[in-house]
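# Have a look; sequence and predicted model below, questions after that.
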Amino acid sequence: MEEKTIQIAGSITVDELANALGLSVTQLIGELFKNGIVATINQRLDFETASIIIDELGLKNVKLEKKNTATKTSDFHRELSDKAVSRPPVVAVMGHVDHGKTTLLDTLLHKKTVDDEAGGITQHISAYQLKHDDRWITFLDTPGHEAFAAIRQHGAMLTDIVVIVVAADDGVKPQTVEAINFAKSANAKIIVAINKIDREGADIPRTMADLSQHGLQPEEWGGDITMVPISAKQGTNLEQLLDMILLTADIEELKADVDIPAEGLVIESHMETGRGSVVNLLVTGGELKTGDFIVAGSAFGKVRTMLDFKGKPKGKATPSTPVTITGFKELPNFGDRFVEVSDEKTARKMALLNAQALANETASANVTSSDLLRMMNVADNSKVFNVIIKGDVLGSVTSVVDSLKMIDTHGEITLNIVSTGVGDINENDVYMAAGGNTVVYGFNVSVPINISKMAARDNVPVRTYRVIYELLDDAKHEMENLLDAEIIEEDKGEMKVLGVFRTEKTSIIAGGEVLKGDVKPAYLARVVRDKTYLGEVEVTSVQKEKIDVKELTAGETGGLALKTENKLQLQIGDRLKFFTREMKKKTL
Ligand code: GDP
């Protein structure tokens, strides 16, 4: 069968998809209907929905492709001209939590950051530079916890070299593997820093063996990965690590064009009173100067002030240089590509075009895959967890949202993000959450006192966090609460009733022989007469020769006091099938 590729820029109408597939509109609407969606000819479907439908139709020869419309980082790696000049390497330090990333950056930069981070985690991606052998190296300060996978993914796109930090006394851990995978997917060169070699339990050969199990063969053993044993804390071998970074940069011949309009990536953005939008950029090509007009996604502006990573004014930023600028009229998105344009009019026009393209990509799909999945899941009683996310900067909102989406709910819970935004929790958030069973989460933001009063009055849970995984734990806990408890029953034994001594409204005293298993107080029993189930009773006490005992086992005879709630009456010959029942809360 002939292969067919359909490009989708964000969303596609039912009519367009039917045409592209060579189906009649009625056929396609019929298929959507089977999946619980009542669609009209002009309805827009998002990419995932279209993929699911194509799957359902069994169209194996059709491939869907996302078409990029707005300026995305994906159109980055441009061809270099022969005038390209060499540029500093951009290095990301990654690895498992507590393996020493912050300490390494800290020691390298002689900057005390370990103590003042909330929860010891670097919260926002930022960048620093340092000089070694009279050459600059740019370090991306990538956040440590796996929850920041999203940020790291963006960071990885810029990254030439990934320094993977592995503690020699702990070996390869899940986030080490994650870092290896990131580096590979970003096509970055890997250098391993085997850290904490000053520790007693440090075992360098074992750590190397561990790493080679994960596809990183040390040079010492004939492989191609440079591994430098270091102590980030004591500063051992750090010079050697920097040498290796520069050597790798030399081999890679890292270059960039400078006589092109400036371009790069937004790596952080937030609003500041008095300064307006404060945006961290990493220049990847050209030279950015104060007074330049720039566009990033739907945001544009004129570079009003430009500071280097230490906060000193900088007139010109060359490739691989991180800078903080002001002058954007609205906040650009973290991860957006920025470009320099000739004048304000062009900037405004381009921002508008980007905004329109973006709107096409996101807002106009009126059937999204989560709607579709929700419909498909109705039969499984899928439950919905509603959240509103507020954060101090766009980067953290994006990470929280991305991380929440990564929580695996085994298809039992649908995450519904009611809204997101930058800034303190406000009236509107509470208003939107009221009555809707919605949790409002704030990350690094505050709740004004009048708002918390309003939330209390309207019974809206508002929770703020400074450490992302605490927020995620809470969300996970909330989702677990939505899950139905699991009932676990275990068969214990069986008794044949040989005598009934007393029957009252809610209690029975009877005697019998245990045929198998055992019977203990607090067991439950199903009463069965001639293969018919009559009801359930609870064992309140067990006696043997009129004395209370802890149990009766197979072969023994004795008496039972039973509790019944449905006026059940026992007869000689009835069977009591004992079991225990536990309600177990499901976890994610
Ligand atoms: P991160 O989570 O990867 O950023 O790890 P940190 O840099 O916060 O380090 C975690 C802990 O390990 C801290 O208590 C550090 O003082 C300690 N640490 C980091 N590097 C070394 C090292 O080289 N030697 C020793 N002994 N401790 C270290």
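Received it, and whenever you're ready, just let me know what you need.
# Settle this for me: residue 84 is touching residue 257, isn't it.
Yes. Using C-beta atoms under 8 Å, residue 84 is in contact with residue 257, at 4.9 Å. Bear in mind the C-beta positions are built from the backbone N, C-alpha and C, glycine included.
# higher neighbour count, the two?
When residue 84 and residue 257 are compared for neighbours, residue 257 comes out ahead with 21 against 18, by other C-beta atoms under 10 Å.
# can you tell me how far that one sits from the ligand?
35 Å (C-beta to the nearest ligand atom, to the nearest Å).
# Read off the pLDDT value for that residue.
pLDDT recorded at residue 257 is 91.
# what does residue 568 give?
According to the prediction, residue 568 has pLDDT 84.
# Repeat that for the one 5 residues further on.
Reading off the confidence values, residue 573 has pLDDT 93.
# Next: residue 359.
Residue 359 is given a pLDDT of 59.
# Can you tell me which residues in this protein are near the ligand?
Applying C-beta under 6 Å from any ligand atom, we find that the chain lies next to the ligand at 95, 97-103, 114, 120, 144, 195-196, 198-199, 231-233.
# Residue 460 and residue 434 touch, don't they?
Yes. Using C-beta under 8 Å, residue 460 makes contact with residue 434 at a distance of 5.5 Å.
# So for these two, which sits in the more crowded spot?
Taking neighbours as other C-beta under 10 Å, residue 460 and residue 434 compare with residue 460 leading, 24 against 15.
# ok, and the closest non-adjacent residue to the more buried one?
residue 433 (4.5 Å; C-beta to C-beta, 6 or more residues apart in numbering).
# how close does the one you found sit to the ligand?
Noted for residue 433: a distance of 34 Å to the ligand, by C-beta to the nearest ligand atom.
# Number the chain from 714, please
Taking 714 as the first residue, the last one we looked at is residue 1146.
# Alpha carbons only: can I get stretch 1031-1045 in CSV?
Coordinates of the C-alpha atoms in stretch 1031-1045 are reproduced here as CSV (Å, rounded to 0.1, in the frame of the first residue of the first chain):
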residue,chain,number,x,y,z
THR,A,1031,28.5,37.1,21.3
PRO,A,1032,27.5,33.5,20.8
SER,A,1033,27.3,31.2,23.8
THR,A,1034,26.9,34.2,26.1
PRO,A,1035,24.1,34.3,28.7
VAL,A,1036,22.7,37.7,29.4
THR,A,1037,19.8,39.2,31.3
ILE,A,1038,17.8,41.8,29.4
THR,A,1039,14.9,44.1,29.9
GLY,A,1040,12.7,45.6,27.3
PHE,A,1041,10.3,42.9,26.2
LYS,A,1042,6.7,44.3,26.2
GLU,A,1043,5.3,41.0,27.4
LEU,A,1044,6.9,37.9,28.8
PRO,A,1045,8.3,35.5,26.2
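# Check the offset of it from the chain's centre.
How far stretch 1031-1045 lies from its chain's middle: 27 Å, per C-alpha atoms, centre = their mean, to the nearest Å.
# Surely the residue nearest to residue 1173 and residue 1138 touch.
No. Between residue 1146 and residue 1138 there is no contact under C-beta under 8 Å: 9.7 Å.
# So which residue is smack in the middle of this protein?
Centroid-nearest residue in the chain: residue 1116, 1.9 Å away (criterion: C-alpha atoms, centre = their mean).
# element containing it?
Using DSSP states H and E, residue 1116 falls within helix 1107-1119.
# helices and strands around that helix, which ones?
helix 862-871, strand 976-985, strand 1096-1104, strand 1126-1135, strand 1151-1156, helix 1181-1195 (3 or more C-beta pairs under 8 Å, 6 or more residues apart in numbering; DSSP states H and E).
# Would you reformat the ones you listed as CSV and include distance to residue 771, mean pLDDT and mean neighbour count?
Below are those laid out as CSV (distance: least, C-beta to C-beta, whole Å; pLDDT from 0 to 100; neighbours: other C-beta atoms under 10 Å):
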stretch, distance to residue 771, mean pLDDT, mean neighbour count
helix 862-871, 33, 56, 22
strand 976-985, 41, 82, 22
strand 1096-1104, 30, 88, 21
strand 1126-1135, 26, 84, 16
strand 1151-1156, 39, 93, 22
helix 1181-1195, 33, 89, 17
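# what about this protein, any weak spots by pLDDT?
Counting by pLDDT under 70, the chain shows low-confidence ranges at 714-715, 722-723, 748-751, 755, 780-791, 823-839, 855-870, 1069-1095, 1148-1149.
# Fine, thanks again, bye for now.
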